[in-house]
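S.K.: next input, structure requested:
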Amino acid sequence: MKKIIFIFYLLFFNFNFSQNGIEQDPPFNIKTISFRVNENNVIPFFKLGETFELSFDDLYGDEADYYYTITQYNYDWSAPSDLGKVEYLNGIDNQRIITYENSFNTLQLYSHYKQVFPNRFNQITKSGNYIITILNDEGSTVFSRRFVIYEEEVSVNLLVRRARDFESLDGKQNIEMTINYGDKILQNPIQNVKVTLFQNGNWKTSIANIKPQYTLGTELIYRYNKETQFWGGNEAYSIDNKIIRGTNNTVSRVTSGDNIYNTYLYVNTPRKNQPYTYFPDINGNFFIQNANATNPQVESDYSWVYFTLNTPYLLDKNIYIVGMFNNYVIGEENKMDFNKKDGLYEKAMLIKQGFTNYQYVIIDKTGKVDHGNAIDGNFFQTENNYAAIVYYRGNNDRYDRVIGIANTNSEVIRN
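M.R.: A predicted model of the protein is given here:
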């Protein structure tokens, strides 16, 4: 009886886990998961019908079989939509990824996989939130990733301002927005239109379920203060190892270890109490590149990258290294260790060669990011990318459409 109850619990738990829109992080051997357009890593917001691809590396390098499924979700990712798969997918999924090749001329062996969408097996026919799930040949989930398919049915304008309240004046950025739906008929837009705001494409800091404050003719007006504020943060750090044996202003030295390169970065010092200094970054993004290769996706090597942060020990808090390269995940693989002898936080991570942005984040004992005490501070001047996704679900609709999108940058911030 105990075994039956345990099996039932596992089945129930796995069913419920699969029903929510939480991304599942990959195992150690899966690296460099990337949504790409024209060979560049991008934030996964794609226009309906646009061509894009998902790629990743398997460090086992054994040409394993991987499959994918596509599932549509409602606007807040709480559950799959009410549509059947045949209603949003022309064709069938659960297809094997047949485009892959092994690394060439690298010390770290890996198999590089990529899947293009749309393809001859399936095409997404409706806008909305989606999750692509990668499965192994036993049908177990390896990892999953969110992406958004949008239409351009309404006009969306974004404006970045300094926060209005005194406590956040110097450290936060506020988003104001206007949606003009023109001659489109939107039923009860105050209730049926919802918006999600993103800073640098980070799902974990997004602000969701924002409703318009009021309407003005055919315009929906969003002029909140605290409800649409983001911490400004600071410019990201960078790793530039396109020439994997070379040093530069980000890499202090390189050694050859056990059949793989070791890339040692310069020691970082907290910038929280220093004046803000503009230093160009790519807002958390990364680009795979090998300066001496013709096909960087399979000719770029992996190296152990050694991070060092010179800051006092934080009691009851931990420091993690995050960026788009690891989907801003919080886990043991990117958790820094405190070296009591040297008084430094240290961590080595296996990262693919190229140009990579990263940041340090503090996680408190409740598991939440401590933005207010950020290692490198928060400045209203920080250059960040912002995006707004507009959802609409009519009174009789069975799924949440994405009817608009807008992008802006805080370089044009106003008081």
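S.K.: only C-alpha atoms from now on, for both contacts and neighbour counts.
M.R.: Noted.
S.K.: residues contacting Ser144?
M.R.: Contacts for Ser144 (CA atoms under 8 Å, 6 or more residues apart in numbering) come out as 23-26, 131-134.
S.K.: same thing with Glu151?
M.R.: Applying CA under 8 Å, 6+ apart to Glu151 gives the contacts 47-48, 127, 402-405.
S.K.: do you know how far it is from Ile132?
M.R.: Counting by CA to CA, to the nearest Å, the gap from Glu151 to Ile132 is 19 Å.
S.K.: just Ile363 next, same as before
M.R.: Distance from Ile363 to Ile132, by CA to CA: 28 Å.
S.K.: returning to what we had before: would you turn the contacts of Ser144 into a markdown table with neighbour count and distance to Thr71?
M.R.: What follows is those, written out as a markdown table (neighbours: other CA atoms under 10 Å; distance: CA to CA, whole Å):
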| residue | neighbour count | distance to Thr71 |
| --- | --- | --- |
| Glu23 | 17 | 12 |
| Gln24 | 16 | 14 |
| Asp25 | 17 | 17 |
| Pro26 | 16 | 18 |
| Ile131 | 20 | 5 |
| Ile132 | 18 | 7 |
| Thr133 | 20 | 8 |
| Ile134 | 23 | 12 |
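S.K.: which residues of the stretch 151-300 of the chain fall in helices?
M.R.: For the stretch 151-300 of the chain, helices defined by DSSP state H, counting those that start in this stretch occupy the ranges 189-192, 296-299.
S.K.: right, so the ones you listed: which one is the most enclosed?
M.R.: With neighbours taken as mean count of other CA atoms under 10 Å, the helices of the stretch 151-300 of the chain reach their highest mean count in helix 296-299, at a mean of 22.
S.K.: other residues contacting it?
M.R.: 101-106, 112, 288-290, 293.
S.K.: quick one on the thing from earlier: which members of the contacts of Glu151 are classed as buried?
M.R.: 47-48, 127, 402-405 (16 or more other CA atoms under 10 Å).
S.K.: just the contacts of Glu151 now: which is nearest Pro189?
M.R.: Ile403 (12.3 Å; CA to CA).
S.K.: and Lys184, what pLDDT?
M.R.: Looking at Lys184, its pLDDT stands at 89.
S.K.: now swap in Ala64 and tell me
M.R.: The score at Ala64 is 97. That number is its pLDDT.
S.K.: dump the contacts of Ser144 to CSV, plus pLDDT, distance to Ser140 and secondary structure.
M.R.: Formatted as CSV, these follow (pLDDT from 0 to 100; distance: CA to CA, whole Å; DSSP: H, G, I helix; E, B strand; the rest coil):
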residue, pLDDT, distance to Ser140, secondary structure
Glu23, 96, 14, coil
Gln24, 96, 12, coil
Asp25, 96, 13, coil
Pro26, 97, 12, coil
Ile131, 98, 16, strand
Ile132, 98, 14, strand
Thr133, 98, 10, strand
Ile134, 98, 8, strand
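S.K.: in JSON lines, list these along with distance to Val329.
M.R.: Formatted as JSON lines, those follow (distance: CA to CA, whole Å):
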{"residue": "Glu23", "distance to Val329": "10"}
{"residue": "Gln24", "distance to Val329": "10"}
{"residue": "Asp25", "distance to Val329": "8"}
{"residue": "Pro26", "distance to Val329": "10"}
{"residue": "Ile131", "distance to Val329": "17"}
{"residue": "Ile132", "distance to Val329": "17"}
{"residue": "Thr133", "distance to Val329": "17"}
{"residue": "Ile134", "distance to Val329": "18"}
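S.K.: widest-spaced pair of the residues you listed?
M.R.: Pro26 and Ile131, at 14.4 Å, using CA to CA across the contacts of Ser144.
S.K.: dump stretch 271-279 to CSV, restricted to CA.
M.R.: What follows is stretch 271-279, C-alpha atoms only, in CSV (Å, rounded to 0.1, in the frame of the first residue of the first chain):
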residue,chain,number,x,y,z
ARG,A,271,30.5,49.1,-7.5
LYS,A,272,27.6,49.7,-5.1
ASN,A,273,29.3,52.7,-3.4
GLN,A,274,31.1,54.0,-6.5
PRO,A,275,29.8,56.7,-8.9
TYR,A,276,27.9,55.3,-11.8
THR,A,277,30.1,54.9,-14.9
TYR,A,278,28.8,54.0,-18.3
PHE,A,279,30.4,51.0,-19.8
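S.K.: what about it, average pLDDT?
M.R.: 93.
S.K.: since that was my last question, I'll sign off now.
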